[in-house]
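Asker: Here you go, sequence then predicted model.
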Amino acid sequence: MGPDERGDLDPVDEDLDATGAAAMCRERRVATICMIRQGYYPLDPRVTRQAKALASMGHDVDVLCMRRPGEPLFEQANGVRVCRLPMRRHRRGKVTYLVEYAAFFVAVAALISARQLLRRYAVVQVNSPPDTLVFAALVPKLCGARVVLDLVETMPEFFATKFDVPLESFVCRAIARAEQLSIRFSDVAITCTEQQKEGFVRRGTPSRKIGIVLNSSDESVFDGGRYAHRGRDDDRFTLICHGSIEPRYGHDTVIRALALLKDDIPGLRFVVYGEGSAVPDLKNLVGELDLADRVSFHGYVPMHELLTAISDADFGVVAMTRDAFRDVTHCHKMYDFIAMGVPVLMSRTRSVEAYFPPTCFKYFESGDPADLARAIRDVERNPALAKDFVEHAGRISVPYRWDAQRAIYLDLVEPLLGRRRSDRHMHSGLSATRS
C-alpha cells in the first residue's frame, strides 16, 4: 500500500475513528421506525431508498412487506430488518384487488400491533397503494407513534384508468373520500410530483400537509461511472425497458413501432427486463408481428446484469399510456436512465413535461406507434442527439437527484422525532426541487 492508503494510518487514530463512529451511531439511533408496503422489498426502489436513508442516520428500521417465492421471511440488510408476510400480488380483477388489500391489511395490522408492544415504534410510515393501509397503524398511533403516509399513487385516478370507470362515478368518489380520510389520519403526507399534490389539495387536503419527494434513482446502484454507457454500434440499435410489465406502461406501443421499422433499421432490437401481467399478451403480439428475433424478455435478473444491459443499450424507452393517472406521476425507470447517462425516448405526459423540457428527451405521443417509429428513426439517423439529450437531462435533473431528495425526505420525517424542523420541506413541487 502507498502512503496515502488507509492501511498506513496510525492504529491509535484507527481506534479513535472507530470509537467516534460508534458514538455518533449511538447518538443518532434516536428512533425505532416501521415501514409498511403492500409490495416487495427490496424490489420496490422507493421504499428501499427511504429505508436505507433512515438507517444511515442511525435509526432502527423495520420493513413489513409481502414475500416473493424464494425470499426469506426474515432478513437484515443495509441496517434494515425485513419481515415478509407469506402473501403475493396477483394483479387480476377488481375483486382480487379488494381481497388482496383486505387480507394484507388484516395481517399487517395484527403484526404491527403486536410488534408495537415489543419495538415501541416512534414513527410508522405506510407507502400506498392503497391509501387506506395507513389505518393499519391505528394501534401504534394510539400508543404515541407518529404516522407518515407516502402517497405513491393517486387512487381515484388509478382505479378509474385501470378498470375503465369514470372519475365522476360513485366508486371513484368513495375512493377519493377514503383518500382524504387517510391523509387526515396521518401526521405527515408525502407524494411524488407537484401534479399529484395538486390533485390531493383540490380534493381537500391542506397544501402544508403534503411534501414532495421525487422518484429519484439511488445513484450508488444506478452508477453511470461504474457502468459507463457504451459507444454506438453501427450493426445494432438497441432499445431497453425495465420494471413492471403492465398494460399502462406501453410496451405494446414499442413493439408495434418496431414492426413499422424492421425493414428500415435491420439492427433494431428491443430488450425487456421485468415481470407483470402483460407479458403473455406481449409475447403473443411479438409472434403475430414476426418480431421474435427483434424483441426479447428477460424477467427479473441480478442487478449487475440489468445495469450492464442498460449501459449497453442505445436508448431507454418510457412509453407510458397517457391518462388521468399517468398525467400526474413519474416512473422510476426514467430517473434510472438519466442516472446511467442513457438517452431516453419518452411518451408525453403532463407531469414529465412540467419537469423536463424537450431538450432532455426525445418525446413522442403516447400510444402512437407511428410517432414512436418517427422518433426512433430520427435518433438512429442522428447519433449526436443522444449526447445532447444526456447532457441536458443531467443538468436539469441535478435538484431531482437522490442526494437532494433524500435531504427533503429526512426533513419531512425527522421533525416527527422531535428534531428541529427544516424549512426545506415547506417548499413543494417545482419550487422544492429546482434551484
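Answerer: Sure thing, it's come through. Numbers count the residues shown, from 1 in each chain.
Asker: how would you label Asp290: helix, strand or coil?
Answerer: When classified by DSSP: H, G, I helix; E, B strand; the rest coil, Asp290 comes out as coil.
Asker: do the same with Arg230
Answerer: Secondary structure state of Arg230, per three-state DSSP, is coil.
Asker: which residue packs closest to it, ignoring adjacent ones?
Answerer: Nearest non-adjacent residue to Arg230, counting by C-beta to C-beta, 6 or more residues apart in numbering: Asp312, 5.5 Å away. Quick note: C-beta positions are derived from backbone N, CA and C, even for glycine.
Asker: How about the contacts made by Cys331?
Answerer: Asn215, Gly243, Tyr249, Val318, Met320 (C-beta atoms under 8 Å, 6 or more residues apart in numbering).
Asker: Using TSV, please lay out those together with pLDDT and neighbour count.
Answerer: Shown next, in TSV, are those (pLDDT from 0 to 100; neighbours: other C-beta atoms under 10 Å):
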residue	pLDDT	neighbour count
Asn215	92	21
Gly243	91	20
Tyr249	93	25
Val318	97	23
Met320	93	25
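Asker: Looking at those, which two lie furthest apart in space?
Answerer: For the contacts of Cys331, the maximum inter-member distance is 14.2 Å, found between Asn215 and Tyr249 (C-beta to C-beta).
Asker: In terms of secondary structure, what does the host helix or strand of Val82 contact?
Answerer: Under the criterion of DSSP states H and E, Val82 resides in strand 80-85. Strand 80-85 is packed against helix 45-56, strand 60-66, strand 74-77, helix 94-119, with contacts defined by 3 or more C-beta pairs under 8 Å, 6 or more residues apart in numbering; DSSP states H and E.
Asker: Can you give the distance of the first one from its chain's centre?
Answerer: Read it as helix 45-56. How far helix 45-56 lies from its chain's middle: 12 Å, per C-alpha atoms, centre = their mean, to the nearest Å.
Asker: any idea of the mean pLDDT for that helix?
Answerer: For helix 45-56, the mean per-residue pLDDT is 95.
Asker: Hey, what's the angle from it to strand 80-85? Just curious.
Answerer: For helix 45-56 against strand 80-85, the angle by axes from the mean of the first three to the mean of the last three C-alpha atoms, to 10 degrees is 140 degrees.
Asker: Check which helices and strands helix 45-56 is in contact with.
Answerer: Using 3+ C-beta pairs under 8 Å, 6+ apart: helix 45-56 touches strand 32-37, strand 60-66, strand 80-85, strand 123-127, helix 402-413.
Asker: Sheet-wise, list the partners of the fourth one with their directions.
Answerer: Each strand that strand 123-127 pairs with, and the sense of that pairing, follows from DSSP bridges: strand 32-37 (parallel), strand 146-151 (parallel).
Asker: I'd like the next helix or strand past it.
Answerer: helix 138-142.
Asker: ok so, going back, and the residue nearest to Arg230, how many residues sit next to it?
Answerer: 16 (other C-beta atoms under 10 Å).
Asker: ok, back up a step: pipe the helices and strands packed on helix 45-56 into TSV and attach mean pLDDT per row.
Answerer: Shown next, in TSV, are the helices and strands packed on helix 45-56 (pLDDT from 0 to 100):
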stretch	mean pLDDT
strand 32-37	97
strand 60-66	96
strand 80-85	96
strand 123-127	97
helix 402-413	96
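Asker: could these be laid out in TSV, adding mean neighbour count?
Answerer: Output for the helices and strands packed on helix 45-56, formatted as TSV (neighbours: other C-beta atoms under 10 Å):
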stretch	mean neighbour count
strand 32-37	25
strand 60-66	23
strand 80-85	19
strand 123-127	26
helix 402-413	21
